[in-house]
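1. Whatever this is, show me its structure:
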Amino acid sequence: MAIMHVGEIQMYYEIIGHGEPVVFIHGLGSSARDWENQIGFFSKIYQVILFDVRGHGKSDKPPGPYSIPLFSRDLIALLEALQIGPLHVVGISMGGMIGLQLAVDAPELVKSLVVVNSGPEMVVRTLKERIQIWQRFLIVRLLGMRKMGAVLSGRLFPKPEQGELRKVFVERWAENDPRAYRDAMSALVGWSVSEHLEKIACPVLVVAADEDYTPVEVKATYVKRLQHGKLVVIADSRHATPVEQPDEFNKVVMAFLQSTA
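-> Okay, the predicted model is just below:
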């Protein structure tokens, strides 16, 4: 566990294990600790690198605007300071967006890429999509982060036996700085690297939960545009697949990483 000065911010990171490096990038409102079900499994073979994205966890939370390219530049600077790379990249949701942006910005750094429940753009095209985004902004601004966590926890972990997962999620979500969260959420809206998909030359695994917000068919469409893309669907899972289905997720990702050796 360490803090490093990266550009104009202090960034929190962890390095566990030895071997080929793999960086895990968390999603919006999350942090490095939410990869807890992956650390022990992957660090037996790989050097696992975790970090808190700007505005999250123990990293600095300066005023925005934030952007996905900015998050990518932060990661590049961290890797350069640590003298690590090329490496495997695993990212969920917003982390998957950062991974795709990294593969476009610094392809020499990305040995392979795993994109979990994410895609190459978040362009608002319908009134329904616009309303969904503004609902989040309004809930955070009017009711706070804990209420936002409670709303999301029911969607992510709806089963009666997932009560402990819901409880942990809400407590961690409540720790978010509301202003930094809104700045990070704003960074997602309108972002796209869709026009660059065909240029991504590294192997890419897209892990899709069958009950994710975005249909599997949408993910399958963009996978076809990748030079070396592969889609794996995990059944009975929602957006937080690494937390909800850690064993299956770990097995799928490990098989992919081993196949790229």
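2. What is the burial count for residue 216?
-> Residue 216 sits with 15 neighbouring residues when counted by other C-beta atoms under 10 Å. The C-beta positions use only the backbone N, C-alpha and C, and glycine is treated the same way.
3. hmm, I was thinking of residue 218
-> If you count neighbours by other C-beta under 10 Å, residue 218 ends up with 13.
4. What of residue 124?
-> Residue 124 has 14 neighbours, counted by other C-beta under 10 Å.
5. Just to check, it is in contact with residue 133?
-> Yes. Applying C-beta atoms under 8 Å, one finds residue 124 in contact with residue 133, separated by 6.6 Å.
6. so what's in contact with these two at the same time?
-> Both residue 124 and residue 133 are in contact with residue 189, where contact means C-beta atoms under 8 Å, 6 or more residues apart in numbering.
7. Tell me which helix or strand the nearest residue to residue 35 once chain neighbours are set aside sits in.
-> Counting by C-beta to C-beta, 6 or more residues apart in numbering, residue 35 lies nearest to residue 24, which is 4.7 Å off, once chain neighbours are set aside. Using DSSP states H and E, residue 24 maps to strand 21-25.
8. Check the offset of that strand from the chain's centre.
-> Distance, stretch centre to chain centre, for strand 21-25: 11 Å (C-alpha atoms, centre = their mean, to the nearest Å).
9. Show me what that strand is packed against.
-> Helices and strands touching strand 21-25, by 3 or more C-beta pairs under 8 Å, 6 or more residues apart in numbering; DSSP states H and E, are strand 47-51, helix 68-82, strand 87-92, helix 94-105.
10. moving C-terminal of it, what's the next helix or strand?
-> Taking DSSP H and E, what comes next after strand 21-25 is helix 36-42.
11. Could you list the alpha-carbon positions for that next one in CSV?
-> Taking Å, rounded to 0.1, in the frame of the first residue of the first chain, the C-alpha atoms of helix 36-42 are listed here in CSV:
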residue,chain,number,x,y,z
GLU,A,36,-10.7,-8.2,-2.9
ASN,A,37,-12.1,-11.4,-4.4
GLN,A,38,-9.5,-11.3,-7.2
ILE,A,39,-6.3,-10.3,-5.3
GLY,A,40,-5.4,-13.7,-3.7
PHE,A,41,-6.4,-15.6,-6.8
PHE,A,42,-4.4,-13.7,-9.4
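12. Let me see the ranges of the strands in the stretch 51-200 of the chain.
-> For the stretch 51-200 of the chain, strands defined by DSSP state E, counting those that start in this stretch occupy the ranges 87-92, 110-116.
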